[in-house]
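In: Pasting a predicted model and its sequence here:
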Amino acid sequence: MAQVFAHVTMSLDGFMAGPDIGVEQPMGAGGERLHRWIFDQSDDVDAAAVRRQFALTGSVLLGRRTFDVGIGQWGDTPYPAPCFVLTHRPAPDRVEKSGTFTFVHTGLSDAVRVARAAAGDRAVTVMGADVVQQALRAGLLDEIHLQIAPVLLGAGRRLFEHLGPDHIELERLDVRESAQVTHMRFRVLK
């Protein structure tokens, strides 16, 4: 069965997007700084992390808000793979050059199930703070691939804001550094 990974970059103060997220600013005010390492792959560590993530991704699970603010910037699917949008507002499938967006309105468990089936022997990459938090709370997330950017955004959308009072134990699998981010991988212990 395909594993489910969160792959996110956040600021040192815990924000994965700046304030005022919207279609004009999908990463919020100042949030594009977080992903600089993806587009400027002059460091071998960053380039290897991007290649690894694309090679691992067999399908994508994202929230409706991430879809709504991201589709204009992506102009396609965020990865060349089937994408499943967890939503309360069903919509017809949206076929793009590199994959199809399928809107799942029957809940997180169903969305993870169909994304796992579509991923085959690769992984499901989860995008968006809300869906990552839901998957983590539900025990459906296998790993967290976390990039910490050396910047303090001060405000915006926090990655680990609504997890509840229970502790979630993690096992560190890997840490690699570049000038732009620190790449970390953790297994979620269940």
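Out: Great, that's in hand.

In: for this structure, what spans make up the helices?
Out: According to DSSP state H, the chain carries its helices in the segments 36-39, 44-56, 64-74, 108-119, 129-137.

In: Of the ones you listed, which is nearest Gly156?
Out: helix 129-137 (9.7 Å; Cβ to Cβ). Every residue, glycine included, has its C-beta placed from N, CA and C.

In: mind saving the C-alpha coords of that closest one as PDB?
Out: Extracted C-alpha coordinates of helix 129-137, given in PDB (Å, rounded to 0.1, in the frame of the first residue of the first chain):
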ATOM      1  CA  ALA A 129      -2.000  22.800   6.200                       C
ATOM      2  CA  ASP A 130      -5.600  21.800   6.800                       C
ATOM      3  CA  VAL A 131      -5.300  18.400   5.100                       C
ATOM      4  CA  VAL A 132      -1.900  17.700   6.600                       C
ATOM      5  CA  GLN A 133      -3.400  18.400  10.100                       C
ATOM      6  CA  GLN A 134      -6.400  16.200   9.400                       C
ATOM      7  CA  ALA A 135      -4.300  13.300   8.200                       C
ATOM      8  CA  LEU A 136      -2.000  13.600  11.100                       C
ATOM      9  CA  ARG A 137      -4.800  13.700  13.600                       C
END
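
In: ok, and which of the helices of the chain has the densest surroundings?
Out: helix 129-137 (a mean of 21; mean count of other Cβ atoms under 10 Å).

In: Now do that helix against helix 108-119, angle only.
Out: 90 degrees (axes from the mean of the first three to the mean of the last three Cα atoms, to 10 degrees).

In: if we can go back for a sec, can you lay out the helices of the chain as CSV showing mean pLDDT and distance to Val23?
Out: CSV is the format used below for the helices of the chain (pLDDT from 0 to 100; distance: least, Cβ to Cβ, whole Å):
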stretch, mean pLDDT, distance to Val23
helix 36-39, 92, 20
helix 44-56, 95, 25
helix 64-74, 93, 6
helix 108-119, 98, 23
helix 129-137, 95, 17
